[in-house]
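Asker: Sequence and predicted structure below; questions after.
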Amino acid sequence: MSSYDKEKMLRAHIELIEEAGEYASYFSQSEPGAAWLLADVANKDAAQALLDAKVVEIVNQVGPENPNGTGPSDFDEYTPIHFDDNVEGVNYRAWFVKDGKYYKADNGNSNTIQEIADQAEIDSLIEASGFVSE
């Protein structure tokens, strides 16, 4: 799956959770700020159908796969390892690894990609994400 497709799915998931409708009812959180997890695997197909429909709906919000400037293609070399939709001041933050270095970006905007230099922040990220480097 391309990073563009991942971006569309992530945005659709967040919007559907925020709408607190049928899709959100299929998920639960262990505590505020924790990831939303599928509550019952029996609902996986129903949740996926709603997600797929939302992805189609938001394509215009995300924009074309091959933009005339910066955009989803800027993330192609980055491997996503963690995201949090409970970060103050942004809709969500995603963390990535590329060539053994760690990065973060807000709201899927490639203009916000920042390398993480602080070792304590890297250690916290690795613990929260469960990421195991190769």
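Answerer: Looks like it arrived, so ask away. Residues are numbered from 1 along each chain as shown.

Asker: The chain: helices as residue ranges?
Answerer: For the chain, the helices defined by DSSP state H occupy 3-19, 22-25, 44-62, 119-129.

Asker: For A105, find the nearest of these.
Answerer: The closest of the helices of the chain to A105 is helix 3-19. By Cβ to Cβ, the value is 10.4 Å. (Glycine included, C-beta is placed from N, CA and C.)

Asker: what's the burial count for Q48?
Answerer: Q48 has 14 neighbours, counted by other Cβ atoms under 10 Å.

Asker: Offset the numbering so it begins at 22, please.
Answerer: In the new count, where the first residue is 22, that last one comes out as Q69.

Asker: So which bits of stretch 101-112 are buried?
Answerer: P101, I102, H103, F104, D105, D106 (16 or more other Cβ atoms under 10 Å).

Asker: I would like the residues contacting that stretch, please.
Answerer: 24, 27, 31, 35, 38, 53-54, 113-118, 127-128, 146, 149-150, 152 (Cβ atoms under 8 Å, 6 or more residues apart in numbering).

Asker: mind redoing it with 10 Å?
Answerer: Stretch 101-112 has contacts (Cβ atoms under 10 Å, 6 or more residues apart in numbering) with 24, 27-28, 31-32, 34-36, 38-39, 50, 53-57, 113-118, 123-130, 133, 146-147, 149-154.

Asker: Please apply the same query to stretch 134-149.
Answerer: Under Cβ under 10 Å, 6+ apart, the answer for stretch 134-149 is 56, 91, 95-96, 99, 102-103, 105, 115-119, 122-127, 152-154.

Asker: Show me which positions of that stretch end up buried.
Answerer: Those would be I134, I137, L146, I147, for stretch 134-149 by 16+ other Cβ under 10 Å.

Asker: Which ones among the contacts of stretch 134-149 map onto strands?
Answerer: Counting by DSSP state E, these place 102-103, 105, 115-119, 122-127 in strands.
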